[in-house]
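Student: Any chance you can model this:
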Amino acid sequence: MWIFILFLAFVMLASAFAGSRNWFTLDRLTRENVLNAALITLLVFTLMMIAYVAGFFPQSIAAPVMMTLYTMISGFFGGYAIRMYRNRSRSGTILYQHRSFWIDHAPNLLSVILLLYGLYRTALLTDQLITGIRVTSGLSLMAIGLFMWTLKAVPEFRSLGILLLDRHIHWKHVIAWHWSSESIVTIEYMAEEQSNDQRIRQFSTAIPDEDRKEIEVVLKSKMEEFSEQRQNVLFPDDPE
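Tutor: Predicted coordinates for the structure are as follows:
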């Protein structure tokens with residue numbers, strides 16, 4: 001039992017480390033990737049259920065496997081939430097963010113529901129029997145809720161960069177911006193992934209008419225403030 005507990009602790013730490021690194025960002029997801037991942041997950045769980053009913057996947061094996069999966073989910077999303085908090089901390093203060101009930105409070109409400117239900121699922125505060133499945137599944141729900149709390153649906157324009165979902169874009173990497181329409185602003189930036197791999201990307205976000213002047217002031221001031229650093233990023237070998 002103690003060996004298995006130590007194994008679960010190692011799995012959680014390893015998963016948390018993986019989630020805390022910038023090895024994966026949400027903007028890399030495509031409709032095909034999400035659909036394929038969902039189908040593979042559904043297929044795996046269906047096969048596990050069939051094997052369990054047929055007697056090839058007994059409870060003595062199924063329970064440790066599911067506990068390990070729940071622990072991996074807990075660690076990964078817990079580490080992901082730490083990464084999001086770290087990005088927010090190093091991005092400075094908020095200069096502009098479009099706010100509304102559905103953007104600010106609705107996702108947070110869902111996060112709180114997941115956190116509370118996850119705590120209930122662990123059975124630590126109830127008179128239900130505490131089992132490994134309940135504890136690990138509850139922790140996985142709480143980790144997902146914590147991750148959703150740190151994730152914002154709209155970009156945050158901050159003093160030291162832009163937070164785009166789970167990506168921190170420093171102002172020196174923002175190379176241009178323009179209005180795609182009356183209420184849509186497009187930001188072009190240089191994404192740094194691994195080593196020296198850099199590529200130009202862009203994202204668009206809706207801006208209310210009453211906030212148009214405010215976001216223009218923010219973008220113009222930051223483009224000017226970090227112009228020299230941006231020049232060094234774009235032309236690193238320029239002797240001047």
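Student: pLDDT value on the spatially most central residue of the chain, please?
Tutor: Centroid check for the chain by CA atoms, centre = their mean gives D166 as the closest residue, at 4.7 Å. At D166, the model reports a pLDDT of 85.
Student: from memory it sits against Y80, does it?
Tutor: Yes: here D166 reaches Y80: they are 7.3 Å apart, a contact under CB atoms under 8 Å. Quick note: C-beta positions are derived from backbone N, CA and C, even for glycine.
Student: if I look at the residue nearest to the centre of the chain, how far off is V174?
Tutor: When CB to CB, to the nearest Å is applied, the distance between D166 and V174 equals 17 Å.
Student: Which neighbouring elements make contact with the top helix by length along the chain?
Tutor: Scanning the chain for the longest helix, with DSSP state H as the assignment, gives helix 59-90. Packing contacts for helix 59-90, counted by 3 or more CB pairs under 8 Å, 6 or more residues apart in numbering; DSSP states H and E, involve helix 2-20, helix 31-54, helix 132-150, strand 161-164, strand 167-170.
Student: Out of these, the one nearest V218 is which?
Tutor: Each of the helices and strands packed on helix 59-90 was scored for nearness to V218 using CB to CB, and the closest is strand 161-164 (9.9 Å).
Student: Show me what the closest one packs onto, helices and strands only.
Tutor: Packed against strand 161-164, as judged by 3+ CB pairs under 8 Å, 6+ apart, are the following elements: helix 59-90, strand 167-170.
Student: Now tabulate these in TSV and tack on distance to L219 and mean neighbour count.
Tutor: As requested, the helices and strands packed on strand 161-164 are exported to TSV (distance: least, CB to CB, whole Å; neighbours: other CB atoms under 10 Å):
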stretch	distance to L219	mean neighbour count
helix 59-90	20	18
strand 167-170	12	20
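Student: Tell me where the model's unsure across the protein.
Tutor: Low-confidence regions of the chain, defined here as pLDDT under 70, cover residues 192-198, 237-240.
Student: on that earlier part again, as TSV, the helices and strands packed on helix 59-90 with distance to Q97 would be great.
Tutor: Converted to TSV, the helices and strands packed on helix 59-90 look like this (distance: least, CB to CB, whole Å):
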stretch	distance to Q97
helix 2-20	24
helix 31-54	26
helix 132-150	14
strand 161-164	9
strand 167-170	14
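Student: out of the ones you listed, deepest packed?
Tutor: Sort the helices and strands packed on helix 59-90 by mean neighbour count, taking mean count of other CB atoms under 10 Å, and strand 161-164 sits at the top with a mean of 22.
Student: just to revisit the earlier point, can you tell me how far the residue nearest to the centre of the chain sits from M48?
Tutor: Look at D166 and M48: by CB to CB, they are 30 Å apart.
Student: Please apply the same query to G138.
Tutor: The value you get for G138 to M48, if CB to CB is used, is 20 Å.
Student: Could you do A54 as well?
Tutor: Applying CB to CB, one obtains 11 Å for the distance of A54 from M48.
Student: picking that back up, what sits against the residue nearest to the centre of the chain?
Tutor: The neighbours of D166, taking CB atoms under 8 Å, 6 or more residues apart in numbering as the test, are T25, L26, Y80, R83, M84, N87, L151.
Student: any chance of these in a markdown table, plus distance to L124?
Tutor: Output for these, formatted as a markdown table (distance: CB to CB, whole Å):
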| residue | distance to L124 |
| --- | --- |
| T25 | 34 |
| L26 | 31 |
| Y80 | 23 |
| R83 | 27 |
| M84 | 26 |
| N87 | 31 |
| L151 | 26 |
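Student: which among those residues gets closest to N108?
Tutor: Minimum distance to N108 across these is 10.2 Å, recorded for L151 (CB to CB).
Student: give me the number of residues near the closest one?
Tutor: Residues near L151, counting by other CB atoms under 10 Å, number 16.
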